[in-house]
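S.K.: quick one: sequence plus predicted model below, questions after.
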Amino acid sequence: MHSNDYATAQSMMVSVTVSSLGAMQLHFLEPGVKVNGDYYRHTVLLNMLLLDIRSVFGDYYVLKQDGAPAHRARDTVTMLQRETPEFIPPEMWPPIRQI
C-alpha cells in the first residue's frame with residue numbers, strides 16, 4: 001500500500017503494541033480487510049505484534065488484549081497460551097475499545 005492510499009481511505013485499521021516503555025511500531029492493515037481469528041493470529045500477531053514485543057522484551061512480558069472477537073477466538077487464546085510467557089485470560093480483559 002502506498003502512502004497516498006491512506007490519505008483517501010475512508011477508514012483505517014491500525015494495530016500497535018503499547019507497554020510501560022511507550023508505543024511500538026504502528027502497523028496499518030489493508031483497507032477493507034476482515035480481521036477474523038485466522039487473520040489476526042497469522043498476520044497481526046505472529047507477523048507484527050509478537051515480533052515487536054519479542055524484539056524489545058525477549059521472553060519477559062505479559063500479554064493482555066481487549067475483548068475484540070478475533071482476540072477472544074478459541075484458537076487465538078490457545079495459540080497465545082502456547083506462544084507467550086505470561087498470558088492474561090480473556091475473563092480478565094477490558095471490553096473492546098474503539099477509538
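M.R.: Perfect, thanks for sending it.
S.K.: quick one: the closest residue to D59 other than its chain neighbours from P94, how far?
M.R.: Once flanking residues are discounted, D59 sits nearest to P85: 4.9 Å by CB to CB, 6 or more residues apart in numbering. Just so you know, the C-beta spots here come from the backbone N, C-alpha and C atoms, and that holds for glycine as well. As judged by CB to CB, to the nearest Å, P85 and P94 stand 21 Å apart.
S.K.: quick one: the helices in this structure?
M.R.: Counting by DSSP state H, the chain has these helices, from start to end: 3-8, 37-39, 50-57, 69-72, 74-83.
S.K.: the ones you listed: which one's closest to G22?
M.R.: G22 lies closest to helix 50-57 among those, at 10.1 Å (CB to CB).
S.K.: who are the packing partners of that closest one?
M.R.: The helices and strands touching helix 50-57, judged by 3 or more CB pairs under 8 Å, 6 or more residues apart in numbering; DSSP states H and E, are strand 18-19.
S.K.: for the protein, which spans come out with low pLDDT?
M.R.: Within the chain, the stretches with pLDDT under 70 are 1-10, 96-99.
S.K.: mind redoing it with 80?
M.R.: 1-11, 94-99 (pLDDT under 80).
S.K.: ok, G37 - contacts?
M.R.: Going by CB atoms under 8 Å, 6 or more residues apart in numbering, G37 touches P69, A70, A73, R74, D75, T76.
S.K.: please apply the same query to V33.
M.R.: Contacts for V33 were tallied using CB under 8 Å, 6+ apart; they are M13, Y39.
S.K.: and for K34?
M.R.: K34 makes no contacts at all, as judged by CB under 8 Å, 6+ apart.
S.K.: sounds good, over and out.
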